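Enquirer: Got a sequence here, can you build the structure:
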Amino acid sequence: MALEEYKRKRDFTKTPEPPTKVAERKGRERFFCVQKHLASHLHYDLRLEHNGVLLSWAVPKGPSLDPKVKRLAMKVEDHPLEYGEFEGVIPEGYGAGIVMLWDKGTWTPEVDVDAALKKGDLKFTLNGYKLKGSWVLVRTGGRYPGGSSDRSWLLIKHRDEWAGEVDITAFAPRSVKSDGDFEDILAEDTPAVWVSNRPAKGGEAGAMLATIIERAAKLKAGRETPTKAAREERTKTRKSKGKR
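Expert: Model prediction:
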């Protein structure tokens, strides 16, 4: 049943992620998004709206605009459509980490979606802020390490006017929702949560998270602690009001 796997993996008393709900399609355009997710490892989640849910693939290195580059994309459980606008902190449990809405827009299938999924060859066009043009997801049959005959796919950009050698993940690393980075998102939450409950331990992701926690704490402290100039301005305002 749709979204059962999504529901089984989460405790909605602890995660801010949206609960399960298969949505009715409104209008002709189909939504897509890419969420940049720092969990046990940094990866990018590609999600395509289909039949009221978001078909989802985890892309460890993120999308590439270079047609010569084939990016591993692991098929994961379908997500509810509401998840497409989610950005924030998952404090514990499955997927614990920081989620950024890295790109979003609409997508158009170039083939029959259900038949293409069964065949393992899904061609489509993206119209996002960062990702545009023609793409394909091809099932590999488990030829890649850690893959299985169903889960292991490749994400490949087709040659068109939107293709190129620029590293789009490095060129445009920030959120399309908040224009923030991971530390900005974390600073909106509670950095203290991450001191004792870090989802990424050791390795590159752990080092990245430690830096983000430090930056987020400074951002949050700066927002909560008024500057000397701001304090003096408020004092003058109170005094001027008292003289009236």
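
Enquirer: other SSEs contacting the helix ranked longest in the chain?
Expert: Longest helix in the chain, counting residues (DSSP state H): helix 203-224. For helix 203-224, the contact count by 3 or more C-beta pairs under 8 Å, 6 or more residues apart in numbering; DSSP states H and E identifies strand 30-38, strand 42-50, helix 182-187, helix 192-196 as packing neighbours. C-beta here means a position set from N, CA and C on the backbone, and glycine is covered the same way.

Enquirer: tilt between it and strand 30-38?
Expert: Helix 203-224 runs at 100 degrees relative to strand 30-38, counting by axes from the mean of the first three to the mean of the last three C-alpha atoms, to 10 degrees.

Enquirer: CA atoms only: put helix 203-224 into PDB for me.
Expert: Provided in PDB are the C-alpha atoms of helix 203-224 (Å, rounded to 0.1, in the frame of the first residue of the first chain):
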ATOM      1  CA  GLY A 203      34.000  10.600   9.100                       C
ATOM      2  CA  GLU A 204      33.400  13.400   6.700                       C
ATOM      3  CA  ALA A 205      29.700  13.900   7.600                       C
ATOM      4  CA  GLY A 206      30.500  14.000  11.300                       C
ATOM      5  CA  ALA A 207      33.100  16.700  10.800                       C
ATOM      6  CA  MET A 208      30.700  18.700   8.600                       C
ATOM      7  CA  LEU A 209      28.000  18.500  11.200                       C
ATOM      8  CA  ALA A 210      30.400  19.600  14.000                       C
ATOM      9  CA  THR A 211      31.200  22.700  11.900                       C
ATOM     10  CA  ILE A 212      27.600  23.400  11.200                       C
ATOM     11  CA  ILE A 213      26.600  23.100  14.800                       C
ATOM     12  CA  GLU A 214      29.300  25.700  15.700                       C
ATOM     13  CA  ARG A 215      28.200  28.100  13.000                       C
ATOM     14  CA  ALA A 216      24.500  27.600  13.900                       C
ATOM     15  CA  ALA A 217      25.200  28.300  17.600                       C
ATOM     16  CA  LYS A 218      26.900  31.600  16.700                       C
ATOM     17  CA  LEU A 219      24.100  32.600  14.400                       C
ATOM     18  CA  LYS A 220      21.500  31.800  17.100                       C
ATOM     19  CA  ALA A 221      23.400  33.700  19.700                       C
ATOM     20  CA  GLY A 222      23.800  36.700  17.500                       C
ATOM     21  CA  ARG A 223      20.000  36.800  16.900                       C
ATOM     22  CA  GLU A 224      19.300  36.400  20.600                       C
END
